[in-house]
Every structure is written in structure tokens, then in C-alpha cells.
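S.K.: Any chance you can model this:
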Amino acid sequence: MKVALIVIAVLIVLFCAVCAVFASFIVHGRRQTLDQAWKWQQEHVRDASRITRDLFTDYIVKSSRNEDIHVSYLPAPEAGNRYVVLAHGYTDNRFGMLKYAVHYRRLGFNCVMFDERGHGENAAEPCSYSVREVDFLVDVIEDTAKRYGPDIVIGIHGESLGASTVLMSLKNEAVKKNVSFAVEDCAFADIITVFKGSMKKLHVPGFMVYPTDIAARIMYGISFKAAEPAEAVKQNTIPLLCVHGAADDFIVPEHCRRIYENNPGEKEMRLVDNAGHAASAIVDPDGYFEMLKNFIEKTLGD
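M.R.: Numbering: from 1, shown residues only. Got it, this is the predicted structure:
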């Protein structure tokens, strides 16, 4: 009996240790440096070579908790009152949004590109998959409204984690006040479903996501269950464009459909043929530009 109890205790300890390892792996993905992100964009994004780093103005926004948020401001070719805040994906940084900035500049938008919480030049932190990240996005939106004047038009556009963060922000009063349109590209409807799919590919039972969630709560104060952008949009009134790669096998297109269906307000959904995860703007840059152009003209009325 004593031996059996010892064996059970050892197995429980090992199980908890495995869950802790999973939790640590999930929240501590290796972040790219600014130089790495810049190089990748220059090599893979058509027209990215037209943007040079001397065009940017860097500054720091103080968060509501007095944390540093690193921002790079890319002005439009001609002065105007249109601004877009661009939110990047997991492990990336602000330069990872060049693939969208090239389009927005053609549309006359000044681009505000910032490092998500725990990414880029910001202080290191575990990723909460949009739950905590939303605070930095809201802070940057509020700063943009104050910094560039009361008569500006602000849009927000996110990719993957950034897209999910955009969706989570739509219920915030400051966002409702300042933002005229939102674009989400390859967001997840909920992160638990994504984790289950990834575990299945690794031949790990899907139920392991739940004890891993408990481990993340204990270790980092992070609840993966709270990362549910599809729930956050249920009361949204900001015009929303949902974009997803039709060939995305990481965050599958069904996530886009769930988000679109849950959103009650003005909305559009586009699935881009032959595009994998976060690749829609690269696979079809001309089509992507026209999609943004048509959506913005319809939304802003010009």
C-alpha cells in the first residue's frame, strides 16, 4: 500500500511538472529582434524596399501603469489626418507590420507601429494571448488621439495575436470613442481551441490544455480560457473587416467565421485563396490592397 501511494505521488508530481513545462513553453516563445523582423519583411514583402528606417520616428508611450511601450511612427507620403495603429503577431515586433504599412501609406494613412506587451524592445513578459496585451493597444490608441490632434481618423489593424488583441479591445470605451474601423487578419476565436489543435499535431491528448491552463494561472496569473475574442465582439459597433488565409492550418478559417458571425455590427469577411497563416498580404498584395481600399472607402464614406 505504501509503495502504491509513493508511485501515485511520483506520477502526480511528474504530471504537474509536464503541465508546468507546457505552460512555460506556451507563454515564452522566442521573440524576434527588430533587425530580424525588418530583414524578413524586406525579403518577403513586395514594396517593402520602398520603406527605409530613416522614415520612422521612434518614441515611447507610457502605459496606464507607467510601463514603456516602444513605438515607431511612419508618416504617409503626404500630410493628412488618417492614422492606423498596427498590432503585430506573437514573437514578432512592430516592424513585422510592414506588410500592411505599405498598403496603408498608399491609402494616405500615417502608421503607428508598436511593440506588444513582452515583445520587441518592451520589458520581457509572458504572453497572455490578448488578455493583458489589450492594455498596451488601448494605451497607444489613446496616445495617438492625444498626440496627433482631435480631428484625426483612427483605424486599427492586427495580425494573429495582434488581431485577437484588436478584437478584445473593441469593447473598451476609449476604443469606441476614438476608432473608426478595425481589421483583423487571422485572429483566433479562442486560444484553447488553437492549443488543442497544436497538441494533437504533437500527439499530445487535447485534454492536457486544461491542466496546463491551471499551471499557467498558478505560475503567471494567466488564464488561457479568458482569451476569447469571439466573445468580445458580441456587442461591437465599430465596422470590422475579418480576413483569413483559406489555407491556414494553424489558426483555421473556422475561427474567422465564428468571429464574423458573433459580430452584430457592420462587417465584412474575406478568405484569401492559397494563403497560410499571416500570409494573405504576401500571397496576394494587389488583392489585399483593393480589399482594404474598398472597405475603408465604404466605412469612411470617401
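S.K.: for Asp105, what are its contacts?
M.R.: In this structure residue 105 is Arg, not Asp. 51, 74, 76-77, 111 (Cβ atoms under 8 Å, 6 or more residues apart in numbering). (Glycine included, C-beta is placed from N, CA and C.)
S.K.: would you say it is within a helix?
M.R.: Yes: secondary structure of Arg105 (DSSP: H, G, I helix; E, B strand; the rest coil): part of a helix.
S.K.: gap between it and Gly80?
M.R.: Remark: distance between Arg105 and Gly80 (Cβ to Cβ, to the nearest Å) = 11 Å.
S.K.: Run through the protein and note the low-pLDDT ranges.
M.R.: For the chain, applying pLDDT under 70 flags the ranges 1, 7, 9-10, 302.
S.K.: run the last query once more with 80
M.R.: Within the chain, the stretches with pLDDT under 80 are 1-13, 302.
S.K.: which SSE is the most centrally placed residue in it in?
M.R.: The centroid of the chain falls nearest to Gly162 when counting by Cα atoms, centre = their mean (1.0 Å). If you go by DSSP states H and E, Gly162 is part of helix 161-169.
S.K.: Would you mind measuring from Val102 to Leu55?
M.R.: Relative to Leu55, Val102 is positioned 12 Å away (Cβ to Cβ).
S.K.: Ok, Glu173 next?
M.R.: Computed as Cβ to Cβ, the Glu173 to Leu55 distance reads 33 Å.
S.K.: quick one, longest helix in this protein?
M.R.: In the chain, with assignment by DSSP state H, the single longest helix is helix 2-27.
S.K.: Would you mind listing the buried residues in it?
M.R.: Buried residues in helix 2-27, counting neighbours by 16 or more other Cβ atoms under 10 Å, are found at 19-20, 22-23, 26-27.
S.K.: Now do that helix: which elements does it pack against?
M.R.: helix 209-220 (3 or more Cβ pairs under 8 Å, 6 or more residues apart in numbering; DSSP states H and E).
S.K.: distance between the helix it packs on and the chain's centre?
M.R.: Mean-position distance between helix 209-220 and its chain equals 22 Å (Cα atoms, centre = their mean, to the nearest Å).
S.K.: swap in stretch 234-242?
M.R.: In terms of Cα atoms, centre = their mean, the centre of stretch 234-242 is set 16 Å apart from its chain centre.
S.K.: Stretch 230-239 now?
M.R.: Between the centre of stretch 230-239 and the centre of its chain there are 16 Å (Cα atoms, centre = their mean).
S.K.: for stretch 93-100, same thing?
M.R.: That offset, for stretch 93-100, works out to 11 Å (Cα atoms, centre = their mean).
S.K.: Can you mark which positions in that stretch are buried?
M.R.: Of the residues in stretch 93-100, those buried (16+ other Cβ under 10 Å) are 93-100.
S.K.: Stretch 198-215 now?
M.R.: Using 16+ other Cβ under 10 Å as the test for burial, stretch 198-215 gives 199, 204, 208-209, 211-213, 215.
S.K.: before we move on, back to that, now do the same contact list for the spatially closest residue to the residue nearest to the centre of the chain that is not a sequence neighbour.
M.R.: Leaving out its chain neighbours, the residue that sits closest to Gly162 by Cβ to Cβ, 6 or more residues apart in numbering is Ala87, at 3.1 Å. Ala87 makes contacts with 97, 114, 116, 137, 156-159, 161-163, 165-166, as judged by Cβ under 8 Å, 6+ apart.
S.K.: rerun that using 10 Å as the cut-off
M.R.: By Cβ atoms under 10 Å, 6 or more residues apart in numbering, the contact list for Ala87 reads 94, 96-97, 112-116, 130, 133-134, 136-137, 140-141, 156-166, 169, 184.
S.K.: ranges for the strands of the stretch 101-250 of the chain?
M.R.: 109-114, 153-159, 179-185, 240-245 (DSSP state E, counting those that start in this stretch).
S.K.: The ones you listed into a markdown table, with extra columns for mean neighbour count and distance to Lys267?
M.R.: A markdown table is the format used below for the strands of the stretch 101-250 of the chain (neighbours: other Cβ atoms under 10 Å; distance: least, Cβ to Cβ, whole Å):
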| stretch | mean neighbour count | distance to Lys267 |
| --- | --- | --- |
| strand 109-114 | 26 | 21 |
| strand 153-159 | 26 | 15 |
| strand 179-185 | 25 | 10 |
| strand 240-245 | 26 | 5 |
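S.K.: Appreciated, that's everything.
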